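Trainee: make a model of this:
(one chain, ligands or ions: 1)
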Amino acid sequence: MPETRALDITGAILVGGKSRRMGRDKALLEFRGRPLFERVLDLFRESFPQVVLVGNQGERFEGYGVHVLPDLVPGSSLGGIYTALASVQTEWVFVASCDLPFPSRAVLHHLCSLSEGCDAVVPRTEHGYEPLFALYSRRCLQPIDELLQSGDCCAYAWYPKVRVREVGPEEIAALDPAGIAFINLNTPEDIEKTGETQ
Ligand SMILES: Nc1nc2c(ncn2[C@@H]2O[C@H](COP(=O)(O)OP(=O)(O)OP(=O)(O)O)[C@@H](O)[C@H]2O)c(=O)[nH]1
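Mentor: Residues are numbered from 1 along each chain as shown. Prediction:
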């Protein structure tokens, strides 16, 4: 959408996980006839002027015409967020996990509309923060770096160090009434269960 494309945002999809619970690469896992990560890729391509993937073994994504950033700090999704923020030219990065079958355009656009006066815009549902579908500015880089250097890789433990705009459960429910925006697929059972959704 034009108002989001005009913003200084890169879309970054994290594709560097080990997929241990799934037993095979989640990003390229076939879900309803297409590799799973393409659902976020499509949404990002229509929303942001530039899109990158973050993770090692970039050759997996040959043919997509999208730049792959190798992990600067491998081993955690927070390391992936760090790599994205440290590598892109834009002031903001919208980060998403690769395993979201129903990423929400409405939630994405709402988060992007709230960036004024803060350093991060993060959804929070009744299950807690959703750090892997959130908007971060480059000002988050230093506190993330400090946390990683301390040996902690919790994706949201550094939030108290920056100005976070939380988008709470009621706001999210209005944008995602079916409650599917943050479903992610971790196990073969999740695929079976989610196959029946929508
Ligand atoms: N770039 C990058 N992304 C990661 C890394 N670890 C996890 N991710 C991504 O973070 C998102 C959530 O990952 P998880 O489901 O928590 O972890 P996973 O390693 O993919 O799966 P499990 O091995 O089953 O825990 C996915 O998009 C992963 O690809 C990493 O070390 N580097």
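Trainee: start and end of stretch 82-95, how far apart?
Mentor: Chord length of stretch 82-95, first to last residue, is 10 Å (Cα to Cα, to the nearest Å).
Trainee: what residues of it count as buried?
Mentor: For stretch 82-95, the buried set under the neighbour-count rule, 16 or more other Cβ atoms under 10 Å, comprises 82-85, 87-88, 90, 92-95. All C-beta spots, glycine's among them, are computed from the backbone N, C-alpha and C.
Trainee: now swap in stretch 165-184 and tell me
Mentor: In stretch 165-184, the ones that count as buried by 16+ other Cβ under 10 Å are 165, 167, 171-172, 175-176, 181-184.
Trainee: a markdown table please, covering those and showing distance to residue 158, secondary structure and pLDDT.
Mentor: A markdown table is the format used below for the buried residues of stretch 165-184 (distance: Cβ to Cβ, whole Å; DSSP: H, G, I helix; E, B strand; the rest coil; pLDDT from 0 to 100):
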| residue | distance to residue 158 | secondary structure | pLDDT |
| --- | --- | --- | --- |
| 165 | 15 | strand | 98 |
| 167 | 18 | strand | 98 |
| 171 | 23 | helix | 97 |
| 172 | 22 | helix | 98 |
| 175 | 26 | helix | 97 |
| 176 | 26 | coil | 97 |
| 181 | 23 | coil | 98 |
| 182 | 20 | coil | 98 |
| 183 | 25 | coil | 97 |
| 184 | 21 | coil | 96 |
